[in-house]
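>>> Provide a 3D model corresponding to the input given below.
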Amino acid sequence: MLILFEGSQDWRVALAGALCGVVASFTQSKGATVTAGFLVYLLWQSLHEKQKISLLWRRAILLCGAGLIVFLAINGPYIAALGIKEWIQWVIIFPLRYYPTLPAQTWRSPLDDFRYQTGFIRWICIPFLYLTVPLVYLVFLRVMHRRRRSEPDEPWNQLLLLAITGLALFLAVAPCLSVMRVSCASLPGMVLLGWFLNRWGRKGRIAAGALAALSLAIAVYLPLRNQTMHWHYLDLPAGRTAILDPNRYELYRWMAENTHPGQMYFGMGPLALPLWLQTPAPISAPIPYEYDRPEHIAASIAAIEKNRVPLLLLKPYRYLAGTWGYTDDHLRPFQAYVDQHYRYIKTFPAGFEVWQRRDTPQPDSKP
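Sure, this is the predicted structure:
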């Protein structure tokens with residue numbers, strides 16, 4: 001976006017396209033929507049400045065061509081290793097078809113986000129982000145449509161580029177909103193909000209000062225609150241660890257006492273890094289949604305059996321029954337394998353169950 005701020009010369013368009021190729025290599029959806037947004041901007045600029053259609057085509061080819069070349073340069077080794085068909089399956093089809101089956105990746109996610117947050121974050125930060133970010137882009141397009149000719153001194157090209165870029169970023173995360181994802185798309189919107197407040201005169205400056213003071217207060221309060229909470233401490237193989245949730249603390253403590261660094265492990269929860277455990281399977285643990293494909297589950301069963309993993313940490317599927325997208329059809333082979341080769345040990349208050357391989361000594365199961 002900043003590359004195109006100073007103009008739309010061919011080298012700038014090509015460089016912007018190359019950077020879009022880098023973006024798409026990390027997040028396909030953002031790379032695609034931002035590239036499309038830049039194409040819309042170039043089209044608007046061509047119509048506004050009455051440029052030749054050949055110039056528009058050249059810039060569009062430069063933008064998309066440079067992006068494609070950089071994208072293929074980064075992803076080429078993976079395409080060669082997987083094959084083009086497999087690569088398309090996991091990089092393009094999977095995010096579109098299966099990723100949205102998770103409850104946190106649907107239109108319900110803002111409601112869950114609001115329910116799980118606490119304190120003023122729920123009542124101030126979440127409404128501000130969810131309402132301000134998309135509205136500021138739409139309001140700007142309306143203002144530009146009405147005021148562009150009567151206020152020719154405003155930098156409308158740069159402002160429109162800001163709005164298009166921010167709107168493209170927002171559309172990339174719109175199907176699965178969260179505070180974090182909306183925040184990632186909010187920076188252009190905050191710049192436009194500052195522009196709006198500046199146009200509002202004295203009232204706008206007062207509102208801007210109030211927002212700045214509130215932002216500073218939040219930035220100071222959050223770390224202070226986190227430091228003054230009651231934390232539970234454990235000395236784990238990766239180092240001294242602070243855990244807020246007492247239920248999670250019990251889970252980590254038990255696992256630390258019944259495992260050793262380098263041991264094979266399979267299950268839910270980010271335990272591998274702090275406990276220095278090895279995870280041989282391609283997924284952490286199967287869940288009753290279409291996100292984990294049958295080939296993932298089959299490969300996990302094979303990896304568990306090959307490495308004779310001694311402990312499994314699983315969340316019983318009954319806790320998830322009835323949620324959006326729930327289906328246990330493709331989990332039955334995994335459930336049958338666990339029932340045949342593992343025995344139940346205990347359940348933690350956090351809802352996780354420990355299963356131990358039948359041919360290994362039973363660990364301490366005291367609560």
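
>>> going by C-alpha atoms from here, please, whenever you check contacts or count neighbours.
Fine.

>>> pLDDT below threshold where in the protein?
107, 269, 317-329, 361-367 (pLDDT under 70).

>>> okay, which residue is most central for it?
By C-alpha atoms, centre = their mean, the chain has its centre lying nearest to residue 181, at 6.2 Å.

>>> what does whatever helix or strand that residue lives in rub up against?
For residue 181, the host element (DSSP states H and E) is helix 179-184. With contact meaning C-alpha atoms under 8 Å, 6 or more residues apart in numbering, helix 179-184 is reached by 113, 126, 129, 130, 133, 169, 170, 173.

>>> could you dump the residues you listed to TSV with distance to residue 92 and neighbour count?
Shown next, in TSV, are these (distance: C-alpha to C-alpha, whole Å; neighbours: other C-alpha atoms under 10 Å):
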residue	distance to residue 92	neighbour count
113	27	16
126	30	20
129	29	20
130	27	17
133	27	24
169	18	25
170	19	25
173	16	17
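
>>> domain-wise, how is this protein divided?
Using automatic domain parsing, the domain ranges for the chain come out as 1-97, 102-229, 233-357.

>>> next secondary structure after the helix holding residue 181?
Criterion used, DSSP H and E; the element after helix 179-184 is helix 187-199.

>>> the residue of the chain positioned farthest from its centre in helix, strand or coil?
The C-alpha centroid of the chain is most remote from residue 150, which lies 41.3 Å away (C-alpha atoms, centre = their mean). In terms of secondary structure, residue 150 is coil; the call rests on DSSP: H, G, I helix; E, B strand; the rest coil.

>>> and it, what does it touch?
Going by C-alpha under 8 Å, 6+ apart, the list of residues near residue 150 is empty.

>>> could I get the phi/psi values of it?
With angles defined as degrees, to the nearest 10, residue 150 sits at phi -80, psi -20.

>>> for residue 197, see how far away it is.
19 Å (C-alpha to C-alpha, to the nearest Å).

>>> cool, residue 248 as well?
In terms of C-alpha to C-alpha, residue 248 sits 45 Å off from residue 197.

>>> can you give me the helices in the stretch 251-367 of the chain?
Using DSSP state H, counting those that start in this stretch, the helices found in the stretch 251-367 of the chain span residues 272-275, 294-307, 332-341.

>>> between the second one and helix 332-341, how many degrees?
If I follow you right, that is helix 294-307. 20 degrees (axes from the mean of the first three to the mean of the last three C-alpha atoms, to 10 degrees).

>>> for the longest helix along the chain, buried residues please.
Secondary structure of the chain per DSSP state H: the longest helix is helix 53-82. Neighbour-count burial for helix 53-82, counted by 16 or more other C-alpha atoms under 10 Å, picks out 56, 59-72, 74.

>>> helices or strands up against that helix?
Helices and strands touching helix 53-82, by 3 or more C-alpha pairs under 8 Å, 6 or more residues apart in numbering; DSSP states H and E, are helix 10-26, helix 28-48.

>>> what angle sits between it and helix 28-48?
170 degrees.

>>> next one: helix 53-82 to chain centre, how far?
What separates the centre of helix 53-82 from the centre of its chain is 24 Å, taken as C-alpha atoms, centre = their mean, to the nearest Å.

>>> what's around the nearest residue to residue 303 once chain neighbours are set aside, how many residues?
Among residues not flanking residue 303 along the chain, residue 281 sits closest, at 5.4 Å (C-alpha to C-alpha, 6 or more residues apart in numbering). The number of residues packed around residue 281, counting by other C-alpha atoms under 10 Å, is 21.
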